[in-house]
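1. Fold the stuff below for me.
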Amino acid sequence: MGQSKVKNITKKQNSFITKDLLKLFGSLVLFILFLLPNYIWAGIQCLTQKPRDIRGKVVLITGAAGGLGRQLALSFHRLGARIVCVDVNGAGNDLTGEMIRAEGGTAVTYTVDITDRENVRQMHGVVKDALGSVDVLINNAAVVLSNIYVNRESDDLVKDIVNVNLLAQFWMNKEILPSMLERNSGQIVAISSVASLIGHHSLTAYSASKWGVTGMMEALDQELKLLGSDIVVTTVCPYFFDSDVSKSVTKNSRRNIEEQENIYSSQQNVPTGDTFQNSTE
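-> Model prediction:
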């Protein structure tokens, strides 16, 4: 009896090992057949794509008080663009503007709660008076809070996530798009998330808001194509990175999302966006 039990346990262990090896082999095959060619194709597209000259263009960035928003503001300024910094955090937003002006750039800052439709409308009017029409809109503002879905005291936090991550982008697009349509030019960029591609535990509200962003942008892109518009729509789905926004996300959540995203990428053709440069041509 004892030897029989040992043999059964050994067989089960061998079975688990075999299954793990098969999964590993399957992942390797998927990478070779799907993911690697996509990376190569994306690289070719990036190398052959002509960079756009955005010198003098007006680039409006939400969530510009720090993190990715600040880096985007500085990067576009260094490409010659005039920057509009928008954030509810007035001190951080003003600091971003000061950093740009210290380098000799043009930057205006507005402390605005962009979840409020009327605030967005008023802010846009002031921007047009100060710098003219917005050429590039980058919807970057977001909040990330984890493990709140089953918390009965977190209802307001869920509303905040949806309002900032999704509704605010809707209001910004709806406000600025008409002026782009009049000129038949411009670009709208949505900073979404890898969490908009694959749902994950502890990020239910965040994932829902970002899935909404990605879906909204896909629908907007189709609408503009039906109109024959030259306006460019771009959706960016970053991994998690260190910032004030992502501090509440656990390491396990990040690791799990990254693993799942590799599987998702192997099954998708991900188009590349526009490349920007400070052209000397």
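
2. confidence score at the residue nearest to the spatial centre of the chain?
-> Note on the chain: the residue nearest the mean C-alpha position is residue 191, at 2.3 Å, using CA atoms, centre = their mean. The score at residue 191 is 95. That number is its pLDDT.

3. Check residue 73 too.
-> For residue 73, pLDDT reads 98.

4. ok, it - how many residues close by?
-> Burial of residue 73 is recorded as 31 neighbouring residues (other CB atoms under 10 Å). Every C-beta, even on glycine, is put in place using the N, C-alpha and C of the backbone.

5. quick one: what helix or strand has it in it?
-> Residue 73 is part of helix 67-78, with elements assigned from DSSP states H and E.

6. buried stuff in that helix?
-> Neighbour-count burial for helix 67-78 flags 67-70, 72-74, 76-77 (criterion: 16 or more other CB atoms under 10 Å).

7. Point out where the stretch 1-150 of the chain drops to low pLDDT.
-> Applying pLDDT under 70 to the stretch 1-150 of the chain flags the ranges 1-20, 27, 30-36, 38-39, 42, 147-150.

8. can you give me the helices in it?
-> 2-30, 36-48, 67-78, 90-102, 117-131 (DSSP state H, counting those that start in this stretch).

9. go on, the stretch 151-281 of the chain?
-> Using DSSP H, counting those that start in this stretch, the helices of the stretch 151-281 of the chain run over 155-162, 168-183, 204-226, 251-265.

10. out of these, nearest to residue 121?
-> helix 168-183 (5.9 Å; CB to CB).

11. my read: the residue nearest to the centre of the chain touches residue 137, true?
-> No - the criterion here is CB atoms under 8 Å, and residue 191 misses it with residue 137 at 11.2 Å.

12. Could you break the protein into its assigned domains?
-> 1-50, 54-271 (automatic domain parsing).

13. Kindly compare burial across the ones you listed and name the winner.
-> Mean neighbour count (mean count of other CB atoms under 10 Å) peaks for domain 54-271 among those, with a mean of 18.
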